[in-house]
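In: Generate a structure from the sequence data that follows.
(one chain, ligands or ions: 1)
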Amino acid sequence: MTKLARKDILQITPYLPGKPIEELKRDLGLEQVIKLASNENALSPSKKVVSAVKNGLNQLNRYPDGSCYYLKRKLAERLGFNPANLIIGNGSDEIIGLAVRAFLNPGEEIVVARPTFLIYEIVAQIAGARIRYVPLKNLRYNLSSMADAVTKKTKFVFIANPDNPTGTYVTEDEVRLFLSKVPPGVIVYFDEAYFEFANFAGFPNTLKLINKRNIITTRTFSKAYSLAGLRIGYGLANKEIINCLNRVREPFNVNSIAQIAALAALDDRQHLRQTLKMVKEGKKYIYKELDKIGLKYIPSVTNFILVDVGKKTRVIFNKLLKRGIIVRDMRAWGLNKFIRVTVGTMKENKKFINALRGLLHR
Ligand code: PMP
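Out: Numbers count the residues shown, from 1 in each chain. Presented below is the predicted three-dimensional model:
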């Protein structure tokens, strides 16, 4: 059957998501399982969201509003833009795909860091693009080498900021210098899925560049707003770019419940504050305990942490699974010594730390 497939897609390694809780329960016959593997929000969505969603269920016989009118208007108002600068996606993932579909011609190239979030590479492979990889430097994006990797054929540079899986970020100064070296015909894509967590000195404000250059900035409701299950994210760019993205978008790409939920989520600032507090306190606790255990980690501006477990990554990953704790084994990213753990509730963080301590002191 694969003989019939396009050659380009046979090169693709399918994206491997974190193991679902139910799957681990089934596989190992466990009753208690916690998932700290997909950088989700450990808090349920806000009550306001749940009640708005319930009210919306009666309308499921209708197609959603394909233009996401109310959500775009609300985001535009809040961020100081025109709705024509916005696109809503079925997760911010979808917008990455739309961008490549709309702009990448056969034979063109993209520049990505290695390792980083895998979707850039996957959508570019689907489009048959050549990919130029630029290694991280000390587990940070090396924007100066990424600028050097741009050629006449480059259409996109993708920048996950903050980055997944490292949890590190590039600064305003680094971005300014990078943009000064990159020609205007290259679209610079800032993937800010973890933006809300990254309230750190020098984090760039890419929105002020939106109407000045060809850049796309995307953010999501999956993380800080607890809506990963509904798939909804948004992108900002100049009107010409948005116009092109709309041409390749499916007419009803964002379902009606996701739109209702996102609108309600934007109104619940208390839920966002609670999330940020949980993540901040969770990271502080995990850092302190890892220090005591004597394990190194990469300080993170996101809701997840890379932990250096030495040579025993696979063993530790599997033993944590047996104890009902799902984290990520980072060997597939070439980060052989690391597991990645998402900050959970304090109860979950403690369970993780206690299990890890137990495994190492055997
Ligand atoms: N970008 C990065 C860097 C991510 O880590 C993720 C989610 N894992 C996404 C984008 C996709 O998020 P969404 O749920 O909005 O598709």
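In: I'd assumed Ser145 was in contact with Lys137.
Out: Yes - shown here, Lys137 and Ser145 form a contact pair, counting by CB atoms under 8 Å, at 7.5 Å. Where C-beta positions appear, they are placed from N, C-alpha and C, glycine not excepted.
In: Got the phi and psi for Met346?
Out: phi -60, psi -40 (degrees, to the nearest 10).
In: OK, now which residue of the stretch 1-150 of the chain is nearest to the ligand?
Out: At 2.7 Å from the ligand, Gly91 is the closest residue in the stretch 1-150 of the chain, using CB to the nearest ligand atom.
In: Strands along this structure, start to end?
Out: 34-35, 86-89, 109-114, 130-135, 154-160, 187-191, 215-220, 233-236, 296-298, 304-308, 325-326, 328-329, 338-342 (DSSP state E).
In: before we move on, the earlier item: is the residue of the stretch 1-150 of the chain closest to the ligand in contact with Thr220, as I believe?
Out: Yes - contact criterion CB under 8 Å: Gly91 and Thr220 qualify, at 6.7 Å.
In: for the ligand, what are the nearby residues on this structure?
Out: 39, 91-93, 117, 160, 164, 191, 193, 220, 222, 228, 233 (CB under 6 Å from any ligand atom).
In: returning to what we had before: now for Gly91 and Thr220: what residues contact both?
Out: Shared contacts of Gly91 and Thr220 (CB atoms under 8 Å, 6 or more residues apart in numbering): Ile232, Gly233.
In: between the two, which one's more packed in?
Out: Thr220 (26 against 23; other CB atoms under 10 Å).
In: what sits against that one?
Out: Counting by CB under 8 Å, 6+ apart, Thr220 makes contact with Gly91, Ser92, Ala193, Ile232, Gly233, Tyr234.
In: Which two of those have the greatest separation?
Out: The span of these, defined through CB to CB, is set by Ala193 and Ile232 at 12.2 Å.
In: so how far is stretch 306-322 from its chain's centroid?
Out: Counting by CA atoms, centre = their mean, to the nearest Å, stretch 306-322 is centred 23 Å from the centre of its parent chain.
In: ditto for stretch 297-315
Out: 17 Å.
In: Only the buried residues of it, if you could.
Out: Neighbour counts over stretch 297-315 (16 or more other CB atoms under 10 Å) mark Tyr297, Ile298, Ser300, Val301, Thr302, Asn303, Phe304, Ile305, Leu306, Val307, Val309, Thr313 as buried.
In: Show me the two of those residues that sit farthest apart.
Out: Top of the distance list for these (CB to CB): Val301 and Thr313, 23.3 Å.
In: how about low-confidence regions in the stretch 51-200 of the chain?
Out: Within the stretch 51-200 of the chain, not a single segment meets pLDDT under 70.
In: got the residue ranges for the helices in it?
Out: Here the stretch 51-200 of the chain has its helices, by DSSP state H, counting those that start in this stretch, at 69-79, 92-103, 119-126, 143-148, 172-181.
In: Can you redo the ones you listed as TSV, where the extra columns are mean neighbour count and distance to Ile210?
Out: Compiled in TSV, the helices of the stretch 51-200 of the chain are given as follows (neighbours: other CB atoms under 10 Å; distance: least, CB to CB, whole Å):
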stretch	mean neighbour count	distance to Ile210
helix 69-79	16	9
helix 92-103	23	14
helix 119-126	21	20
helix 143-148	18	19
helix 172-181	15	13
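In: Of all those helices, which one is nearest Ala261?
Out: helix 69-79 (9.8 Å).
In: Can you name the residues that contact the closest residue to Asn211 other than its chain neighbours?
Out: Excluding its sequence neighbours, the residue lying closest to Asn211 (CB to CB, 6 or more residues apart in numbering) is Asn238, at 5.5 Å. Applying CB under 8 Å, 6+ apart, one finds that Asn238 lies in contact with Asn85, Ile210, Asn211, Asn214.
In: Drop anything exposed from those residues.
Out: Neighbour counting by 16+ other CB under 10 Å classes Asn85, Ile210, Asn214 among these as buried.
In: check contacts around the second one.
Out: Remark: with contacts taken as CB under 8 Å, 6+ apart, Ile210 is in contact with Phe81, Asn85, Thr217, Leu236, Ala237, Asn238.
In: Dump the residues you listed to TSV, plus distance to Leu276.
Out: Below are those laid out as TSV (distance: CB to CB, whole Å):
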residue	distance to Leu276
Phe81	23
Asn85	26
Thr217	20
Leu236	22
Ala237	27
Asn238	30
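In: do you know how far the residue nearest the centre of the chain is from Arg323?
Out: Centroid-nearest residue in the chain, with CA atoms, centre = their mean: Ala193, separated by 4.3 Å. From Ala193 across to Arg323, the span is 29 Å (CB to CB, to the nearest Å).
In: now Thr345
Out: 17 Å.
In: From Lys137, how far off is the residue of the stretch 1-150 of the chain closest to the ligand?
Out: 29 Å.
In: now do Ala237
Out: Distance from Ala237 to Lys137, by CB to CB: 28 Å.
In: related to what we said a few turns ago, pull the contacting residues for the nearest residue to the residue of the stretch 1-150 of the chain closest to the ligand once chain neighbours are set aside.
Out: Spatial nearest neighbour of Gly91, chain neighbours left out: Arg231 (4.2 Å); criterion: CB to CB, 6+ apart. Arg231 sits next to Asn90, Gly91, Glu94, Ser222, Val254, Asn255, Ala258 when contact means CB under 8 Å, 6+ apart.
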